[in-house]
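Participant: One predicted model, sequence on top.
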Amino acid sequence: MRIRFTKMHGAGNDFVVLDETRGRLGLREDQYRFLADRHFGVGADQILTVRPSTGPGVDFEYVIHNADGGEVEQCGNGARCFFQYVREHGLTDRSELRVHTAAGVIAPSMGADGRVTVDMGPPRFDAAQVPFDAAGLSPQGASPVGPWKLALGTEADSPTVELAVLSMGNPHAVQRVDDVDTAPVAAQGPLIEHHPRFPNRVNAGFLQVLDRHRVKLRVHERGAGETLACGTGACAAVVGGIQQGWLDSPVDVQTRGGVLSIAWDGVGQSVRMTGPAQTVFEGEIEIPE
Ligand SMILES: N[C@@H](CCC[C@H](N)C(=O)O)C(=O)O
C-alpha cells in the first residue's frame, strides 16, 4: 500500500502526519513502527493521525502512536503540529480548534507571533490516573506530585531517585538534576520508563532549574527514547516545579530542540503550552503489507 505523509517537527520532536479524514488507512503496530524507523522508513518520534470530528463540540480527532508502534494518550508538540497541519492542508481555516484525544479534549489556537498555543487541560495528580502504584510508599513532600523516592533496581547499590509523578493525559515522572548536560538520561531513562511502579510505563524527565521562570529539560520518552523536546514533559516538569515551590508561571523551558513556554495558574486550571510547529517535507511511501 502506498500512502501520502507529511513530515513535521515541534522544537525538534519529529512526526510523520497521516490524513484519515477521508477514510481509515488501517495501519498495524508494525506499520507505524516502519514509518517511524529512521533507517528503513521515514523516521519520527511519533506518528500523528488526523481523523474527522467524533461528535458535537469537537472539530477533529487526533491519534498518536509512539515510534515503538504503541498508541498513546497525548502528545504536546504533536498537538501544535496537528493544528498547523489541518490549517496548511485546507481542512479548516479556524484559528482556534477543539480536538478530541484519547486523554480528553485539547484546544490549540494561533498566536499573534505565529507560534501555536495549546490548552492541554489540567494536570492530574491522582496516582490511579497516572497510573502509579504508590502502595506502601510515603511521599517525600506535602505536594500532590510527591515527590516519591524510588530505587531503580533491586541490588543494594541501585540508584535511588526522587520523582514528581503526574499525568498530562499521559504519565510523567520528573526528577530535579543539577545539570541536564551531565544527567544520567541514557542510564536511568529506560529504568524509570519500565519501573514496575508504572504499569503503563512512564515518560522520564530530567529538570534543571535556572531561575523561577527558566528551566532546562531533557526527557526520555516512553516508546521513543530521548527526544529533542517533549511538550507534555515540559508541562509536567513546570507543574511539578511549581508544586514543589521552585518555579512561578510562566516558565520558559529550554529543550535540546528549542524553547517551549508553559503557563499554569494552579490546581484545577489548564496548562497552556506555546511553541513552534514546522512542516519539513511531504512525500509518499510504500508500506510493507
Ligand atoms: N513527544 C510528546 C509525547 C509523546 C507521547 C509519549 N512518548 C508517551 O508515551 O506518553 C510530547 O510532545 O508531549
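Facilitator: Structure's in. What do you need?
Participant: so where's the stretch 1-150 of the chain uncertain?
Facilitator: Along the stretch 1-150 of the chain, the model assigns pLDDT under 70 to no residue.
Participant: What segments of it are helices?
Facilitator: In the stretch 1-150 of the chain, the segments counted as helices under DSSP state H, counting those that start in this stretch are 29-36, 76-88.
Participant: Of all these, which one comes closest to the ligand?
Facilitator: Shortest distance between the ligand and the helices of the stretch 1-150 of the chain, using C-beta to the nearest ligand atom, is found for helix 76-88: 3.5 Å. (C-beta placed from N, C-alpha, C; glycine too.)
Participant: distance between the closest one and the chain's centre?
Facilitator: 14 Å (C-alpha atoms, centre = their mean, to the nearest Å).
Participant: wait, does that helix contact the ligand?
Facilitator: Yes. Between helix 76-88 and the ligand, judged by C-beta under 6 Å from any ligand atom, the touching residues are 76-78.
Participant: Now do the strands in the stretch 151-289 of the chain.
Facilitator: 160-167, 171-176, 203-211, 214-221, 225-227, 251-255, 258-264, 271-275, 278-286 (DSSP state E, counting those that start in this stretch).
Participant: what would the helices of the stretch 1-150 of the chain look like in a markdown table with mean neighbour count?
Facilitator: A markdown table is the format used below for the helices of the stretch 1-150 of the chain (neighbours: other C-beta atoms under 10 Å):
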| stretch | mean neighbour count |
| --- | --- |
| helix 29-36 | 19 |
| helix 76-88 | 26 |
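Participant: nearest to residue 248, of those?
Facilitator: Closest approach to residue 248 among the helices of the stretch 1-150 of the chain is made by helix 76-88 (20.6 Å; C-beta to C-beta).
Participant: What does the pLDDT read for residue 205?
Facilitator: Here, the pLDDT recorded for residue 205 equals 99.
Participant: Please apply the same query to the one 10 residues further on.
Facilitator: Looking at residue 215, its pLDDT is 99.
Participant: For residue 51, list the residues it contacts.
Facilitator: By C-beta atoms under 8 Å, 6 or more residues apart in numbering, residue 51 lies in contact with 20-21, 60-63.
Participant: any idea how far residue 231 is from it?
Facilitator: Applying C-beta to C-beta, to the nearest Å, the value for residue 51 to residue 231 is 20 Å.
Participant: what do you get for residue 279?
Facilitator: 17 Å.
Participant: These two: which has the busier surroundings?
Facilitator: Neighbour count, other C-beta atoms under 10 Å: between residue 279 and residue 231, residue 231 has more, with 30 against 15.
Participant: isn't that one right up against residue 274?
Facilitator: No. Between residue 231 and residue 274 there is no contact under C-beta atoms under 8 Å: 10.0 Å.
Participant: Give me the common contacts of those two.
Facilitator: Common neighbours of residue 231 and residue 274 (C-beta under 8 Å, 6+ apart) are 118, 260.
Participant: Angles on the backbone of residue 56, please.
Facilitator: phi -60, psi 140 (degrees, to the nearest 10).
Participant: before we move on, back to that, and the strands of the stretch 151-289 of the chain, which is most packed in?
Facilitator: strand 171-176 (a mean of 26; mean count of other C-beta atoms under 10 Å).
Participant: domain ranges for the chain?
Facilitator: 2-121+276-286, 127-269 (automatic domain parsing).
Participant: How far does the shortest one stretch from one end to the other?
Facilitator: Right, the one you point to is domain 2-121+276-286. 4 Å (C-alpha to C-alpha, to the nearest Å).
Participant: Near the ligand, which residues of this protein are found?
Facilitator: Checking the chain against the ligand by C-beta under 6 Å from any ligand atom, the hits are 13, 45-46, 66, 72, 75-78, 170, 203, 221-224, 227, 230-232.
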